[in-house]
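J.: With the input below, show me the fold.
(chains A and B)
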Amino acid sequence: MSRDIAASPPLIVGEVSLDAPTLGARLRKLATVGRQNPLGLLGLIIIVLFTICAIFAPLIAPYSATHLSNTTDGGYSAAHIFGTERLGRDIFSRTIYGSRISMSVAFISVVLGSAVGTLVGIVSGYLGGFVDSLIQRAVDTAIAFPALLLLLIITQALGPSFRTIVFALTLAVIPGVTRIVRGAVLSEKNNQYIESARASGAWAPRVLLRHILPNVIALAIIVMTTLLGGIILAEAALSFLGLGIPNAASWGRDVSDARNNYPIHIQSAFFPGAAITLTVLGFNLLGDSIRDIADPRLRGSR
Amino acid sequence: MQTFILRRILGGIVILIILSVTVFALLRIVPGDPAIRICQLNCGPGQIDAIHHQLGLDKPYFPVSVDLTSPKFVTFNTDSQYWKYAKGVLTFDLGTSNVDHKPVFPTVRKRLPVTLELMVLTLIFTVVVGIPFGIVSAIFRNSIPDYFVRLTAIFGLAVPVFWVATLVLIIPIALWNYAPPIGRYVGITDDPWLNFKQLGPPAAVLALGSAAGIMRLMRSSLLEVLRQDYMRTARAKGLRDRVVVLRHGLKNSLIPVITVLGLQIAGLLGGALIVEEIFTLPGLGDYTFKALANKDFDVVQSMTLYAGVSVVVLNLLVDISYAWLDPRIRYS
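T.: Predicted structure coming up:
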């Protein structure tokens, strides 16, 4: 909408205002979208809850992640609502603290990976020719390879640390995003407004940043939300295999800890794993809904 | 079609070469020396050199080296590590493990049946559970069974494989003091029932995610087909509902399902590694995992190449089956 219309008194066509919607109207619109997609709303609520847990873990958890109580029989009690594990650490507190690693690693690597993937995809799609084939062969190779194996090679090679895990997961995100963004750029590139921008003498980076990027960024965000669940699962699997971030409460490692040590307490494997499941469920539900609302063409792409 | 297959095979070979060079270089660039692992941290510099020489790690990495100062510019050297590796792959000599000092190829032959059986069982579970439930879900859309199937599928896609596998293993131990007969793998020809008791649970766990995916896909694919004009025509001809859905609908809706099933097998390679670790099955996943931890160069190179070959071949088969199942698709 151009500026002079926005500055003039609201233009009313029937019941629809062409003026910028007020905050209240936006919220009402959002509420309607939420009502129409109850599962997506459920996903959003789950994610918000886990994000709050991650940020305010010390306030929510009754004990610190490493606090040793003297009840090691694992039983449930008012003091330990999820029970304790074999060393006497409170499972509820560890589950709360575990959300920190999962959430932060997943968010950082998906955002980084999508940013790089989007840039590479735009360059690949826009330039075409030799550069495009080179990038696409690399993407083929990366997609052709089991992701978990790639993650294992990198983390084993570089040694487990926060930086290594984020680096490895970022690499895992890039190829898929690149492929989807490249496809979008290819279909966007032949539009007339690109041609007119180029005809009016805009040089390539300007066309890319001002005209193509805004059109594919929505797509990149949708792809991002659908990727988050998978990345959380991947990080948990790495932790389970002993290649997670050392010295941090982590859901994956707590499950493996429960399996590898006696005495066996079911609850010390159950709750961290249930937390992973819930988080991934939340991301999947939200991702599916956003994708369906924003771009029905992508339906069933995962 | 033939040119298409030929082109895809050539493309696949290019992918595999890129993959092998990348893994080869990655293993050697990053810190961590296999020699140090072999002599347990307490060896002198002379010993390390001796081990390097013994393993052939003192030779140049790549057969082609570029030297800007020499007049020859590019020199070609067949006495290099990558050349030996590539030549070995073509003659089924995959090198020797640094850990147990046995040649890799016979070990792979011994371990392959375990992983293969795990995959086949997983695939059977996936198809037997995924397809019928997907069909029911689509036919009785928005009914209680449909909601049940969809909810199960959503959960199936969200649960971590290692968690379910762990629970399957530890709950019977904690509650009934019962441990499944794992630990010593028994071949299917020796004792089929015991073999199934060992491989059934891990395969079922592994099938959870893939069956959930297939259920969802089967449902949406059948719903899509049910909307088509030829379905209305079939109904208008007076065919019974059952015939319309099973004969006309199912056949067409299975095409994308088969495609995705093929692609899932590739993804299962990673999952197989995890369940093999948890259920202590002596398969290729377990071999790969231990080799990675021990910087066992020859084994890691062989296993990554094996994974790459499997994926390239499966992708090609999927594309061919696609054209074969749907005559409308023509490759050129």
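
J.: Just want the most central residue of the chain.
T.: If you meant another chain, say so; for now it's chain A. In chain A, the residue lying closest to the centroid (C-alpha atoms, centre = their mean) is A:L228, at 2.6 Å.

J.: Oops, wrong one, chain B.
T.: Closest-to-mean residue, chain B, C-alpha atoms, centre = their mean: B:L269 / 2.5 Å.

J.: close enough to count as contact, it and A:L149?
T.: Yes: with contact defined as C-beta atoms under 8 Å, B:L269 counts as touching A:L149 (7.0 Å). In short, each C-beta sits where N, CA and C put it, glycine included.

J.: Hmm, B:A291 is touching B:M303, no?
T.: Yes: applying C-beta under 8 Å, one finds B:A291 in contact with B:M303, separated by 6.6 Å.

J.: Could you count how many residues lie near A:L44?
T.: Residues contacting A:L44 under the criterion other C-beta atoms under 10 Å in any protein chain shown number 18.

J.: From A:L151, how far off is it?
T.: 28 Å (C-beta to C-beta, to the nearest Å).

J.: secondary structure class for B:N142?
T.: At B:N142 the chain is in coil, as set by DSSP: H, G, I helix; E, B strand; the rest coil.

J.: what residues are up against A:L186?
T.: By C-beta atoms under 8 Å, 6 or more residues apart in numbering or on different chains, the residues touching A:L186 are A:G125.

J.: B:G187 now?
T.: Applying C-beta under 8 Å, 6+ apart to B:G187 gives the contacts B:P113, B:N195.

J.: Please repeat the previous calculation with a cut-off of 7 Å.
T.: B:N195 (C-beta atoms under 7 Å, 6 or more residues apart in numbering or on different chains).

J.: doesn't A:I108 make contact with the residue nearest to the centre of chain A?
T.: No: at 11.2 Å, A:L228 and A:I108 do not qualify as touching, with contact defined as C-beta atoms under 7 Å.

J.: List phi and psi for B:K237.
T.: Backbone torsions of B:K237, given as degrees, to the nearest 10, read phi -70, psi -10.

J.: Check which helix or strand the closest residue to chain B within the stretch 151-300 of chain A maps to.
T.: Going by C-beta to the nearest C-beta, chain B is nearest to A:G273 of the stretch 151-300 of chain A, at 3.3 Å. Assigned by DSSP states H and E, A:G273 belongs to helix A:266-294.

J.: From B:L121, how far off is B:N195?
T.: For B:N195, the distance to B:L121 - C-beta to C-beta - is 10 Å.

J.: how about the strands in chain B?
T.: B:64-66, B:74-76 (DSSP state E).

J.: Contacts only, for A:G287.
T.: A:T225, A:T226, A:L228, A:G229.

J.: Now the first one: closest residue in space, sequence neighbours ignored.
T.: The spatial neighbour of A:T225 that comes closest, neighbours along the chain excluded (C-beta to C-beta, 6 or more residues apart in numbering or on different chains), is A:G287 at 4.1 Å.

J.: ok, now the last one?
T.: In space, and not counting its chain neighbours, A:G229 is closest to A:F283: 3.7 Å by C-beta to C-beta, 6+ apart.

J.: ok, how many other residues are close to the closest residue to A:G40 other than its chain neighbours?
T.: With sequence-adjacent residues excluded and distances taken as C-beta to C-beta, 6+ apart, A:G40 is closest to A:S289, at 2.5 Å. By other C-beta under 10 Å, 22 other residues sit near A:S289.

J.: Any idea how many residues pack against the residue of the stretch 51-200 of chain B at minimum distance from chain A?
T.: Nearest residue of the stretch 51-200 of chain B to chain A (C-beta to the nearest C-beta) works out as B:W163 at 3.3 Å. Each residue near B:W163 was counted by other C-beta under 10 Å, and the total is 27.

J.: Got the confidence number for it?
T.: With respect to pLDDT, B:W163 has a value of 91.

J.: which residues does it contact?
T.: A:V255, A:G273, A:I276.

J.: show me what contacts the last one?
T.: Put plainly, it is A:I276. A:I232, A:A236, A:W251, B:P160, B:W163.

J.: most surrounded residue in these?
T.: A:A236 (34 neighbours).

J.: how about that one, what does it touch?
T.: If a contact means C-beta under 7 Å, 6+ apart, then A:A236 has A:S102, A:W251, A:G252, A:I276, B:P160 as its contacts.

J.: Between these, which sits nearest A:R182?
T.: Nearest to A:R182 out of the contacts of A:A236 is A:S102 (C-beta to C-beta; 29.8 Å).

J.: Leaving aside the residues adjacent along the chain, what's closest to that closest one?
T.: Distance criterion C-beta to C-beta, 6+ apart; nearest residue to A:S102, sequence neighbours excluded, is A:I232 at 5.3 Å.

J.: In contact with the one you found, which residues?
T.: Counting by C-beta under 7 Å, 6+ apart, A:I232 has contacts A:S102, A:A106, A:I276, A:T279, A:V280, A:F283.

J.: now, which of the contacts of A:G287 lie within strands?
T.: Going by DSSP E, the strands hold none of those.

J.: Tabulate the residues you listed in TSV, adding columns for pLDDT.
T.: What follows is the contacts of A:G287, written out as TSV (pLDDT from 0 to 100):
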residue	pLDDT
A:T225	81
A:T226	79
A:L228	89
A:G229	87
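
J.: Having no further points to raise, I will conclude here.
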